[in-house]
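Participant: sequence plus the predicted model coming up.
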Amino acid sequence: MARRSKAEAEQTRAAILDAAEHQFFDNGVSCTTLSHIASRAGVTRGAIYWHFANKTDLFNAMLERIHLPFRQMLGELEQANEQSALAQIKDVMKRAMILVEEDPQYYRVLTIVFHRCEYIEELNPVVVQQDQLNQEVVENLTMAFTRAADNGELNEAITPQDAAIALNALVGGLLSQFLQHPGFISLSKQLDTLLDTLFIGLAKQG
């Protein structure tokens, strides 16, 4: 019985997260209340409070569902593989971005983060979490670009940190445009060329 109750609780939690994700995507975060989410999930507000302290806590949990796989990809940059360092960086970032195009959940959640979320006082903890993830991305990229510099692959005029900041900015901008203007960019068809607008300059010349 206890095992069944735990499974039912996990199922209810997942249903609440699914409902929140779709509600935030359809109507924006600030216009979505816990009552809206409860109605969409087919549960009571009390059921939401059983699993989540407030809307911010619920929002954070929704983000974590996609952050975990993305962090695993970033973790690949901590270890060299058979590719050159620059090729490895490009491959990891490309796979992470293609996932947004191919996986509806990534598409919805990142659309919420980029275009359906007002970073108001209520969601300040979410802003902190996003800043932490952004810093984590830059740190992982800086480490990987340092390996590229040590291998003689990186343009000597560019520091590993500057390369990391530039790539992070390019990826963020491309994702924002892709999510805001569906059909304007095809990540699966154009991403290699779009990333190369930066990587050609990052590579050591001559």
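Facilitator: Structure received. Residues are numbered from 1 along each chain as shown.

Participant: the residue most central in space within the chain in helix, strand or coil?
Facilitator: With distances taken as CA atoms, centre = their mean, the chain has His67 as the residue nearest its mean C-alpha position (5.7 Å). Here His67 is helix, with the state taken from DSSP: H, G, I helix; E, B strand; the rest coil.

Participant: can you map out the strands along the protein?
Facilitator: Under the criterion DSSP state E, the chain carries no strands.

Participant: could you report the pLDDT at Asn27?
Facilitator: Predicted confidence (pLDDT) for Asn27: 95.

Participant: and for the closest residue to it other than its chain neighbours, the neighbour number?
Facilitator: Excluding the flanking residues, the one nearest Asn27 by CB to CB, 6 or more residues apart in numbering is His36, at 7.3 Å. No exception for glycine: its C-beta is placed from N, CA and C like everyone else's. Other residues near His36 number 16, with proximity taken as other CB atoms under 10 Å.

Participant: hmm, His36 is touching Asp26, no?
Facilitator: No - the criterion here is CB atoms under 8 Å, and His36 misses it with Asp26 at 9.5 Å.

Participant: gap between Leu99 and Ala80?
Facilitator: Distance, Leu99 to Ala80, using CB to CB, to the nearest Å: 23 Å.

Participant: quick one, domains of the protein?
Facilitator: Listed by automatic domain parsing, the domain ranges of the chain are 1-52, 55-202.

Participant: who's in contact with Asn134?
Facilitator: By CB atoms under 8 Å, 6 or more residues apart in numbering, Asn134 lies in contact with Asn168.

Participant: do that again at 10 Å, thanks
Facilitator: For Asn134, the contact set (CB atoms under 10 Å, 6 or more residues apart in numbering) comprises 168, 172.

Participant: related to what we said a few turns ago, hang on, the residue nearest to the centre of the chain packs against Ala96?
Facilitator: No - counting by CB atoms under 10 Å, Ala96 is not a contact partner of His67; they are 11.3 Å apart.

Participant: need the contact list for the residue nearest to Asn27.
Facilitator: By CB under 10 Å, 6+ apart, the residues touching His36 are 19-20, 23-24, 26-27.

Participant: show the model's pLDDT score for it.
Facilitator: We have a pLDDT of 97 for His36.

Participant: give the buried residues for stretch 188-201.
Facilitator: Judged by neighbour count (16 or more other CB atoms under 10 Å), stretch 188-201 contains these buried residues: 191, 194-195, 198-199.

Participant: try stretch 79-89
Facilitator: For stretch 79-89, the neighbour count (16+ other CB under 10 Å) marks 85-86, 88-89 as buried.

Participant: before we move on, what about stretch 167-180?
Facilitator: Judged by neighbour count using 16+ other CB under 10 Å, the buried positions of stretch 167-180 are 167-168, 170-171, 174-175, 178-179.
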